[in-house]
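Enquirer: What shape does this take:
(3 chains)
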Amino acid sequence: MIPEFGHFSLILALCLAVFLAVVPQWGAWRRNAAAMELASGLAIGMTVFASISFACLATAFLQDDFSVKVVANNSNSLLPSVYKFSALWGNHEGSLLLWVLILSFWTAAVAFFSPELPLSVRARVLSVMGLIGVGFLSFSLFTSNPFERLLPGTPLDGQDLNPLLQDFGLIIHPPLLYMGYVGFSVAFAFAIAALQGGRLDAAWARWSRPWTNIAWSFLTLGIMLGSWWAYYELGWGGWWFWDPVENASFMPWLAGTALVHSLAVTEKRGLFKSWTVLLAIFAFSLSLLGTFLVRSGVLTSVHAFATDPARGLFVLVFLLIVVGGSLTLYAFRAPTVSSRVTFGWLSRESLLVFNNVVFLVATLTVLFGTLFPLLMDALGQGKYSVGPPYFNAVFVPLMAVLIPFMGIGPISRWKDDNTARWRAELLAPLLAALVCGVTLPLIAGGEYNIPVAVAVLFASWLLLSMLKDLRNRLRNASTLSRGLRRLPPSYWGMFVAHLGFAMAVIGVIVTSQLHVERDLKMSPGDSESLAGYDFRLLEIVPVKGPNYLADEARVEVSRDGQLIATLSPQKRRYMATGSVMTEAAIDPGLFRDLYVAMGEPVGQAGAWAIRLHYKPFIRWIWLGAIFMGLGGMVTVFDKRYRRRRVEKPVTAPEVAHGV
Amino acid sequence: MGSRLKLFLPLALFIVLALFLFRGLSLDPKAMPSALVDHPLPEFTLPGLGEKRQLSRDDVTGQVAFFNVWATWCISCRVEHPYLQQLADWGVAIYGINYKDEDAAALKWLAELGDPYRANIADREGTLGLDLGVYGAPETYLVDRDGIVRYRHVGVVDERVWTTILRPRYLALGGAVAEGGVQAP
Amino acid sequence: MNRSMLTFVLLWLVSPLALAVIETYEFSSSDLEARYQQMSAELRCPKCQNQNIADSNAPIAQDLRKLLHQQLEAGASNDEIKQFMVSRYGEFVLYRPRFSGATAVLWLAPALLFICAALVVFVSLRRRGRSLPDSALSEADKKRLQGLVGNTEKGS
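Expert: Have a look, this model is predicted:
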């Protein structure tokens, strides 16, 4: 019964979404306040039914209802409960339902948190989000029904969740990622509403900014979690592979970063409105494109869901409607008269323009590289592969070009600035950064590595220039704490986010350049050394888990005779499917990770092939990303986004009487 | 007016992209044509299956023939075997490449299921497979009279594959087949 | 000991030709080992769902790793090894596309895009600046405005 309830709920959600897409939109067109007012209610209604539907599917999973097809295909009675729940989104149909749920949450949030929006704007924004909801709800109901039953012939037990997914990462990575992915629909909806209403002004940018920043933060965190998860789960020590599915999430992030910065200019200076609107459309279009790439089967990926060209066609049509429609609207409604250029070549505006240029080129490069095999195949030019060597070769220089200017940004002035001032402010930080770049890598010892030195130089440059700017801002404060408290959240957000970026740069370059990896044959009692650490294999014992049997190696790690950690990697065999998996053991550290994974048994004497990794500074990548996400969240608390208390207008007599 | 036209550029680019994506839906990203198409069959010196004598390239070229990569550990090979037998009965020349297998098991397999092959090359180490660009079993290569590889089919050869893919190419190269006793035109 | 023996036997039944996934190759020099690690990350497993031969369990990936090891020890250069692989498996097997007529656009795209974008920005900003109509305020008004509003503008 419950699955049918869920199915019915989903249909109701679709009906409400259709109303939401149509009625308030019509109301805005005909200036019918009643129709526009309906938007919030419809949004909440859509959310309620989407939630009920989701809860029903979750119940089916938790109750081991194998008559529901997705439960039978992705779950198992032996599966721990928490994975039974998260198995819901470990497959195409269920993850689509998660998409729908999160979209409705965002829609309800916009309905709830924007009372100060003009009615017609709110109506249009919610309508657009309703339209997107219609698309995804239809996709789910018509091609990927999660409540499809296996009756008769219900299996006795399920086929189990892929062991790689039986992990904490599955519990948090997709929800956070979708929060970001889907969150860009809000910026998109605001852009469409602005084009429709003909009201492209700084107010629009001010409304959009907090929503965009939060979505961007979630996407940052979601991508970071995916990377971290791949690192400890896949057993190979890699953390980014430029896989099409990874790129599908990275492209909206890159466009989103450009958008976040472009919105700043539009809000503060009323410039580039047309460009920012286009960016907002672009960012969400990339989200939708990502959905297409991941679920249609046009690209090969380890992460892709079970693919089906029929489903791909549905998404492509949806893409045509939404993206094609919005770009058509843009072509007709965007202003042809551009705002006057009121800033000089040396100014904060132009630095932000440069940011946009770099991130736009980065987005297009990743897009082109990801689609290149498809393009060549479609043109009959043969089968090509584009992988990490290409992407790393083109992406790293782009970021390298950005960073020098990124350091100038915080200290720059709007409208008109000059090199003399920049030199005065930034010479000291620059010299200090050079010193850091030359000397700090020497502390670690070993060979002097130029890329690492450059990375340290860049990161120091970013940090020190920001500290100089901070010092300037605190100059007139009576006390340090008062000065710090006076700084607005938007400033702190920028500070923390840029700091995170600097950390991530260090993490990426240092770990790529200085990591050490060895595959060796080890028997119990053997000891090997790697990067100054000694790894001693004590023994290999059999171990039983809730739904697997494993061989576990006990490895003692020491340095200079001091025991540092005992690691226990496992080679697991899952009983339901018989699949074999490597579970790596990691000794995490702020400045290095030690990583041990088991291969296969070698020979008859109990020896195993063991992989040892030394990965310096790898945590800085994810810590940096966390800071970036945190920074984005912090900006939302800025005063100017808070709901304005609607004040009673003061009348002349009141003024006269000194009220 | 010119500036309005410029605003249509993103839409135009998107439509081009959408066309490519649409085309992509009917392509198979995993399908890989052989790199050896229009190249000669590689040279090799390997024993015949269960025999002492060595086979080389000249022993197996000279007519239009199929080279079927198979092994006893390959479940799909067992599935396609009966159809290969059928093709052999119709006079189609099929040579076998026993890929990374064991002679005893392979011979037992052929004794039980029948032997459609004119000759079988025992590629125990997979060296010929490597030279051919084999990445799994079963695979079937179509080679012409001059020993040039003309096509590779990855996967099971069944009636649909034969009728739609392999037969036209086989006949076009001049191969002979007598289906059901009737000579093909 | 029994459990791991059983695992061992089962693994052999499942994939009789599967050797250690993490192989322990010996190299005659650390330079060769470094090249091995780099090349095995750049060669694509022909059969897998987008994995390089270093990360893949597939039999073909193992064979290619063994082949890579042999070729490196035999003194082949990186380009020779790549050519060897490409002539058997096609360009598909290279994660770093070789620069050719077909892939030129891929390799040059980022730089070209950057130059294009910079040019577009430069030209459009310049053009906008030039077509500025004169301010509607008269000189005297402008002076008054300055006095009222103040000169500099700063802040975030």
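Enquirer: Point to the residue nearest the middle of chain C.
Expert: Nearest residue to the geometric centre of chain C (CA atoms, centre = their mean): residue C:96, 7.1 Å.
Enquirer: Skip the chain neighbours and tell me the closest residue to that one.
Expert: residue A:389 (3.5 Å; CB to CB, 6 or more residues apart in numbering or on different chains). To be clear about C-beta, it is placed using only N, CA and C from the backbone, and glycine gets the same treatment.
Enquirer: May I see the buried residues of the helix or strand harbouring that neighbour?
Expert: Per DSSP states H and E: residue A:389 is located in helix A:388-408. Going by neighbour count (16 or more other CB atoms under 10 Å in any protein chain shown), the buried part of helix A:388-408 is A:388-391, A:394-396, A:398-399, A:402-403, A:406-408.
Enquirer: again, but for stretch A:509-519
Expert: Within stretch A:509-519, judged by 16+ other CB under 10 Å, the buried ones are A:509-515, A:517-519.
Enquirer: go on, stretch A:605-622?
Expert: Buried residues in stretch A:605-622, counting neighbours by 16+ other CB under 10 Å, are found at A:606-622.
Enquirer: Ok, stretch B:163-177 next?
Expert: Burial within stretch B:163-177, assessed by neighbour count using 16+ other CB under 10 Å, is assigned to B:166-167, B:170, B:173, B:175, B:177.
Enquirer: And for stretch A:31-45?
Expert: In stretch A:31-45, counting by 16+ other CB under 10 Å, buried: A:35-36, A:38-40, A:42-45.
Enquirer: Tell me which of those residues fall in strands.
Expert: With strands defined by DSSP state E, no entry of those lies inside them.
Enquirer: Output those residues in TSV; the columns should cover distance to residue C:122 and pLDDT.
Expert: Shown next, in TSV, are the buried residues of stretch A:31-45 (distance: CB to CB, whole Å; pLDDT from 0 to 100):
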residue	distance to residue C:122	pLDDT
A:35	47	92
A:36	43	92
A:38	48	92
A:39	43	94
A:40	45	93
A:42	47	95
A:43	44	95
A:44	48	96
A:45	50	96
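Enquirer: Following the helix or strand bottoming out on mean pLDDT in chain C in sequence, what is the next regular element?
Expert: Sorted by mean pLDDT, DSSP states H and E, the helices and strands of chain C end with helix C:2-14, the least confident at a mean of 37. Secondary structure here is assigned by DSSP H and E; on that basis, the next helix or strand after helix C:2-14 toward the C-terminus is helix C:30-42.
Enquirer: Stretch A:156-173: end-to-end distance?
Expert: When the termini of stretch A:156-173 are compared using CA to CA, to the nearest Å, they are 30 Å apart.
Enquirer: And for that stretch, what's in contact with it?
Expert: Defining contact as CB atoms under 8 Å, 6 or more residues apart in numbering or on different chains, one finds that stretch A:156-173 is touched by A:64, A:66, A:71-80, A:82-83, A:85-87, A:89-90, A:222, A:225-226, A:228-229, A:233-234, A:547-548, A:572, A:574, A:576-577, A:579, A:581.
Enquirer: quick one: pLDDT of residue A:507?
Expert: Among the per-residue scores, residue A:507 holds a pLDDT of 96.
Enquirer: Just the strands from chain B, written as ranges.
Expert: Along chain B, the stretches classed as strands by DSSP E are B:45-47, B:54-56, B:65-70, B:94-99, B:120-123, B:139-143, B:149-154, B:178-179, B:182-183.
Enquirer: export the buried residues of stretch A:509-519 to TSV and tack on secondary structure and distance to chain C?
Expert: Rendered in TSV, the data for the buried residues of stretch A:509-519 read as follows (DSSP: H, G, I helix; E, B strand; the rest coil; distance: CB to the nearest CB, whole Å):
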residue	secondary structure	distance to chain C
A:509	helix	17
A:510	helix	18
A:511	helix	15
A:512	helix	11
A:513	helix	13
A:514	helix	13
A:515	coil	10
A:517	strand	7
A:518	strand	9
A:519	strand	5
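Enquirer: closest to chain B among those?
Expert: Distance to chain B, by CB to the nearest CB, is smallest for residue A:519 among the buried residues of stretch A:509-519, at 22.2 Å.
Enquirer: Okay, and the beta partners of that closest one?
Expert: Counting by DSSP bridges, residue A:519 forms beta bridges with residue A:611.
Enquirer: what's the single longest helix in chain B?
Expert: In chain B, assigned by DSSP state H, the helix with the most residues is helix B:9-25.
Enquirer: Helices - which of the buried residues of stretch A:605-622 land there?
Expert: Taking DSSP H, the ones among the buried residues of stretch A:605-622 that sit in helices are A:619-622.
Enquirer: Could you export these to JSON lines, including columns for pLDDT and distance to chain B?
Expert: Converted to JSON lines, those look like this (pLDDT from 0 to 100; distance: CB to the nearest CB, whole Å):
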{"residue": "A:619", "pLDDT": "96", "distance to chain B": "35"}
{"residue": "A:620", "pLDDT": "97", "distance to chain B": "35"}
{"residue": "A:621", "pLDDT": "97", "distance to chain B": "30"}
{"residue": "A:622", "pLDDT": "96", "distance to chain B": "31"}
